[in-house]
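Colleague: All I have is the shape, not the residue letters:
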């Protein structure tokens, strides 16, 4: 598989609590995730990134982001 690039721009997250934003299930998969100009509406919001056995590189403006 080739590298995957994901750009999330200008989203508004209304979710309270934890949320899986990205789940990788492909062995050895390389993913670049960039988020910018996003808004989180609740202090309890927490984002999970599940990298699996791949490599995930993250540039994010989301404060409560759990990195793999």
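Modeller: Yep, it's here. Just so we're clear, the structure is a prediction, and the values are computed from it rather than from any experiment. Residues are numbered from 1 along each chain as shown.

Colleague: OK, contacts around the nearest residue in space to residue 28 that is not next to it in sequence?
Modeller: Ranked by CB to CB, 6 or more residues apart in numbering and with sequence neighbours excluded, the top spatial neighbour of residue 28 is residue 54, at 5.9 Å. No exception for glycine: its C-beta is placed from N, CA and C like everyone else's. Taking CB atoms under 8 Å, 6 or more residues apart in numbering, we find residue 54 in contact with 24, 26, 27, 28, 29, 30, 31.

Colleague: rerun that using 6 Å as the cut-off
Modeller: 24, 28, 29 (CB atoms under 6 Å, 6 or more residues apart in numbering).

Colleague: Ok, residue 66 next?
Modeller: Residues in contact with residue 66, defined by CB under 6 Å, 6+ apart, are residue 48.

Colleague: who's it bridged to?
Modeller: With DSSP bridges as the criterion, residue 66 is bridged to residue 48.

Colleague: Kindly report the same for residue 31.
Modeller: residue 4, residue 56.

Colleague: mind checking how far it is from residue 44?
Modeller: Distance, residue 31 to residue 44, using CB to CB, to the nearest Å: 26 Å.

Colleague: Those two: which has the busier surroundings?
Modeller: residue 31 (21 against 10; other CB atoms under 10 Å).
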